[in-house]
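Asker: just coords:
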């Protein structure tokens, strides 16, 4: 009799634990937060320390065709690596992605910009640079990757990235 | 008060948008395992249509400034929002004129 009572209580406890488990699984799978789940692959790509892996995930390739139709503005010398102003603009048509990366940074991919059809392919952004490095801008135009790079000499490195 | 401030200048059907976000953009520290505090996603919409979806890593400067441009008409709504790695979000809306 007493054993049976304990068994019942134990069963209730286990059922409760399973129900709770179900809720946390739902959160874990992103059922309750779909937008964050969708962004997950990009988050991982951006945090990766392997530039090639990150670029493959974001753009489907880690190589691009050099193009003078991609304009990248960055200072030749940046006294403070913590704020380096970078601008990318292109005259190429149907651009839906602009990606900025700094090979010498710990997390080399600085930013990925997905552009809607009304957006102009023109972005300015301040980035951090740990050390003197190339800054590379790649744009996806009609599904093809074009890009260009500039060397930025950093006097005092920014701590980030 | 929103942590986002934005300005849009409309010229010949193109809105040039300049947005400044007050945020520490603190990078994670691998040694201590401290996760940092930085914005991961920024979304800009005009008239309810997404025009820019930016994915940022920790190497974006603190108090980030971003400029972009898009086709727009006077009177359309511009909405900018972000989410950071600690799940904090903020948004800012204005009318383009």
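Answerer: Received it, and whenever you're ready, just let me know what you need. It should be emphasised that the depicted structure is a prediction, and the values quoted were computed from it without experimental measurement.

Asker: Show me where chain A has its helices.
Answerer: Using DSSP state H, the helices found in chain A span residues A:2-28, A:34-38, A:40-47, A:51-59.

Asker: By mean pLDDT, show me the worst of the ones you listed.
Answerer: Note on the helices of chain A: lowest mean pLDDT is at helix A:34-38, with a mean of 41.

Asker: quick one, phi psi at the residue nearest the centre of chain B?
Answerer: With distances taken as CA atoms, centre = their mean, residue B:42 lies nearest the centre of chain B, 4.5 Å away. Residue B:42 adopts backbone torsions of phi -130, psi 130, taken as degrees, to the nearest 10.

Asker: quick one: it and residue B:54 touch, right?
Answerer: Yes - under the criterion of CB atoms under 8 Å, residue B:42 is in contact with residue B:54, at a separation of 4.2 Å. C-beta: built from backbone N, CA, C; applies to glycine.

Asker: overlap in contacts of those two?
Answerer: A shared contact of residue B:42 and residue B:54, defined by CB atoms under 8 Å, 6 or more residues apart in numbering or on different chains, is any residue touching both; here these are residue B:66.

Asker: Can you tell me which residues in chain B are near chain A?
Answerer: Counting by CB under 8 Å from any CB of the partner chain, the residues of chain B lying close to chain A are B:14, B:25-27, B:40-41, B:46, B:49-62, B:64-72, B:83.

Asker: just the buried members of the residues you listed?
Answerer: Buried positions within the residues of chain B next to chain A, assessed by neighbour count (16 or more other CB atoms under 10 Å in any protein chain shown), are B:25-27, B:40-41, B:46, B:50-62, B:64-72, B:83.

Asker: Let me know the secondary structure of the closest residue to residue A:116 other than its chain neighbours.
Answerer: Counting by CB to CB, 6 or more residues apart in numbering or on different chains, residue A:116 lies nearest to residue B:51, which is 4.2 Å off, once chain neighbours are set aside. Per DSSP: H, G, I helix; E, B strand; the rest coil, the local secondary structure of residue B:51 is strand.

Asker: Quickly note the distance from residue A:50 to chain B.
Answerer: Distance, residue A:50 to chain B, by CB to the nearest CB, to the nearest Å: 13 Å.

Asker: so who does that residue touch?
Answerer: No residues are in contact with residue A:50 under the rule CB under 8 Å, 6+ apart.

Asker: which residues touch the residue nearest to the centre of chain B?
Answerer: By CB under 8 Å, 6+ apart, the residues touching residue B:42 are B:21, B:52-54, B:56, B:66, B:80-82.

Asker: one step back: the buried ones among the residues of chain B next to chain A in strands, which ones?
Answerer: In this view, these that belong to strands under DSSP state E are B:40-41, B:46, B:50-56, B:65-71, B:83.

Asker: pretty sure residue A:139 contacts residue A:70?
Answerer: Yes - here residue A:139 lies in contact with residue A:70, judged by CB under 8 Å, at a distance of 5.6 Å.

Asker: residues contacting residue A:131?
Answerer: Residues in contact with residue A:131, defined by CB under 8 Å, 6+ apart, are A:81, A:104-105, A:154, A:157.

Asker: Looking at those, which is nearest residue B:87?
Answerer: Here the nearest of the contacts of residue A:131 to residue B:87, counting by CB to CB, is residue A:105; it sits at 25.0 Å.
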